[in-house]
Each structure stands twice: as C-alpha cells, then as structure tokens.
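Asks: using only what follows, build the 3D model:
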Amino acid sequence: MPEIMKFDDPVLLIGGGEHSIGLLNQYKHLPIVAADGGANHLRELLGSAAVPKLILGDLDSLDDREHWESVTHVQKVAEQDSTDFEKCLYSVDAPFFIAAGFCGRRLDHTLAALHVMHKYSNDKRVILTSSHDVLLVSSESVILNLPAKTRVSIYPLSAVTFASSEGLQYPLDGLTLTQGVQIGTSNSSVADTVEINPVKNSGVFAIMLPIDCASAIVEWYSA
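Replies: All right, here's what the predicted structure looks like:
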C-alpha cells in the first residue's frame with residue numbers, strides 16, 4: 001500500500017473527465033490532488049498557478065512527468081485492481097473530498113466512480129461532480145439546505161428503506177427503493193431544508209442535485 005498523505009482541509013480531487021469550471025474556481029483554494037492524467041488538464045482549467053499537492057495513480061496517462069516531478073510529489077500506485085479515483089481515496093486522508101472529472105465522458109467511467117462511492121461510503125465523505133450535477137452517497141440521515149423547487153433525485157445503490165423525509169414534494173416515509181423495482185429520481189424540494197432519514201443499516205443510496213448545490217453538501221460535511 002502507498003504512503004497515506006494527510007490533509008487538515010478538504011481536498012479537491014481532479015480527474016480527466018467532465019468538469020464544471022465554476023465549481024473548480026469556487027474550490028481551487030483547497031489542496032488539489034490529481035488522479036494521473038487529471039493533472040494534464042490543470043493548467044488549462046485553472047491556470048499555470050494551479051499545482052497539485054500530489055499526483056497519484058498508475059501514471060499511464062500523465063503527460064510531461066518530468067515537469068510534474070520537478071514541482072510536486074508524484075506517486076505511482078502500480079496495482080491494477082482499482083481505478084485511479086479509488087487509488088486517490090485510499091491513499092489520501094482528508095475531512096472530505098470534492099471529486100471533479102471522474103464521470104461524464106464515458107458511461108462506464110461514471111458507473112465505476114459510483115461503484116467506488118458506494119464501496120467507500122462508510123469510510124470517506126465524497127462529493128462527486130460532473131459538468132451539470134453533484135452527487136453524494138450515504139447510508140445515514142442527510143440534511144441539506146436547498147432552495148425550494150431544487151431537483152432532488154434519490155437513487156438506491158442497494159435496497160434501502162426510509163423511515164421519514166422532510167421538505168420533499170414526494171415524501172419517502174416508509175418507502176423501500178430498489179433498482180429495477182422503484183427509484184426516487186426527479187423529486188423536488190418544497191422547503192429550505194431537506195431531510196432524508198433511512199432506517200438504520202437499511203442500505204446505501206445516492207442523492208443527486210444540480211451542480212450549483214455543491215455548496216449545500218460542503219456545508220453539511222463541514223458542520
């Protein structure tokens with residue numbers, strides 16, 4: 001296993017997929033960790049001043065490796081049983097992660113990122129972003145401050161039963177959501193606070209919101 005790098009602040013993880021420039025500019029003050037070829041996009045996305053604290057992965061997609069090794073720490077993780085996204089999560093310790101560029105361009109990459117989110121849902125707090133959406137995964141209660149009429153999609157990653165919900169147009173109270181049976185996409189907030197309470201140890205679910213709601217998840221994770 002690689003040496004674990006620890007951060008006191010949340011970390012911005014950069015991959016090579018789709019990005020929201022607005023979100024990157026909002027959180028570029030955070031420590032940046034680039035997953036392999038994600039570093040290739042940094043100068044284009046954030047300018048020449050953007051230097052990651054760490055570049056990590058199998059390094060098969062990293063351009064200009066000599067340059068990066070001269071300005072930051074580059075760490076190769078040779079094992080091929082996990083994605084570079086997962087390598088970053090098990091190699092870095094931080095209060096939470098904002099993961100950008102790990103989905104969007106290819107559906108299989110998006111599904112692989114969701115798999116990693118599920119796998120680490122009990123150990124890591126991660127906000128997964130694309131160019132238009134933001135996603136979190138949880139097996140516990142979630143409370144978010146959102147504008148009314150915000151799209152709130154709830155998607156079961158395993159069968160999950162909900163004890164209650166507040167602030168949703170279509171309440172989840174007593175519902176069991178299961179892929180292939182019933183899901184909860186395209187719900188909507190009807191109050192300033194949305195609260196989702198699963199039955200304890202019931203299952204794992206994803207919440208998907210518009211990209212401009214990333215700050216609501218950051219606020220919840222920072223509380």
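
Asks: in the sheet, who's paired with the most centrally placed residue in the chain?
Replies: In the chain, the centroid-proximal residue (C-alpha atoms, centre = their mean) is residue 128; its distance is 2.1 Å. Taking DSSP bridges as the rule, residue 128 bridges to residue 99, residue 135.

Asks: that one and residue 44: what is the separation?
Replies: To residue 44, residue 128 is 21 Å away according to C-beta to C-beta, to the nearest Å. Just so you know, the C-beta spots here come from the backbone N, C-alpha and C atoms, and that holds for glycine as well.

Asks: on contacts alone, who are the packing partners of the strand or helix carrying residue 111?
Replies: For residue 111, the host element (DSSP states H and E) is helix 107-119. Applying 3 or more C-beta pairs under 8 Å, 6 or more residues apart in numbering; DSSP states H and E, we find helix 107-119 packed against helix 84-91, strand 126-129, strand 133-138.

Asks: quick one: contacts for the residue lying closest to residue 39 once chain neighbours are set aside?
Replies: Excluding the flanking residues, the one nearest residue 39 by C-beta to C-beta, 6 or more residues apart in numbering is residue 55, at 4.8 Å. Applying C-beta atoms under 8 Å, 6 or more residues apart in numbering to residue 55 gives the contacts 33, 34, 35, 36, 38, 39, 62, 68, 72, 73, 74, 75.

Asks: any idea how far residue 200 is from the fifth one?
Replies: Relative to residue 200, residue 38 is positioned 36 Å away (criterion: C-beta to C-beta).
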